[in-house]
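1. this is a predicted model, with the sequence first.
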Amino acid sequence: MELIENGAGFDSIFSLVFTLVIIIMILVLGFRLVNLVLNLSADKIKIDATLISKDVAVTHHTDDQMHRTSHSSHSFTFETVNGERIVLDVSYKVYRQYAIGDFGELIYQRKWLKEFTLKK
């Protein structure tokens, strides 16, 4: 009981939480770095494909002062001529350029859409 009265209990909990936050930040940074290296080192693949789905995921956050933020992520699902389905994240600008059912030459590098050229 004396440790809590002197503030030692708070200090140990604070240092534990601080250490956990630092470890989580390092793990997230490491995960993002590994994904970046894997994407950069992957071969570019070129194949004919059809855009079969356009998806948007929106997340919302409200803090204690009632400030609201939101984040949208966009993705395409392609079906290749072999029947394989490929899901790729895209920017909003790219998302607006294509419609479901578009057919063309898809060039991608692991999880990155490099180019999608429509065929007539």
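-> Now that the structure is in, tell me what you want to look at. The structure presented is a predicted model; accordingly, all values stated were derived computationally and were not measured. Numbering: from 1, shown residues only.
2. CA only for contacts and neighbour counts going forward, please
-> Noted.
3. and the longest helix along the chain, average pLDDT?
-> When the chain is parsed with DSSP state H, its longest helix is helix 8-41. Here helix 8-41 scores 91 as its mean pLDDT.
4. what residues sit buried inside that helix?
-> residue 39 (16 or more other C-alpha atoms under 10 Å).
5. and the contacts of whatever helix or strand comes next after it?
-> Per DSSP states H and E, the first helix or strand lying C-terminal to helix 8-41 is strand 44-62. Residues outside strand 44-62 that contact it (C-alpha atoms under 8 Å, 6 or more residues apart in numbering) are 68-81, 95, 99-110.
6. now with 6 Å?
-> For strand 44-62, the surrounding residues in contact (C-alpha atoms under 6 Å, 6 or more residues apart in numbering) are 68-81, 100-109.
7. run me through the strand neighbours of the next helix or strand after it, direction for each.
-> Going down the chain from strand 44-62, the next helix or strand is strand 68-80, by DSSP H and E. Applying DSSP bridges, strand 68-80 is found paired with strand 44-62 (antiparallel), strand 85-90 (antiparallel).
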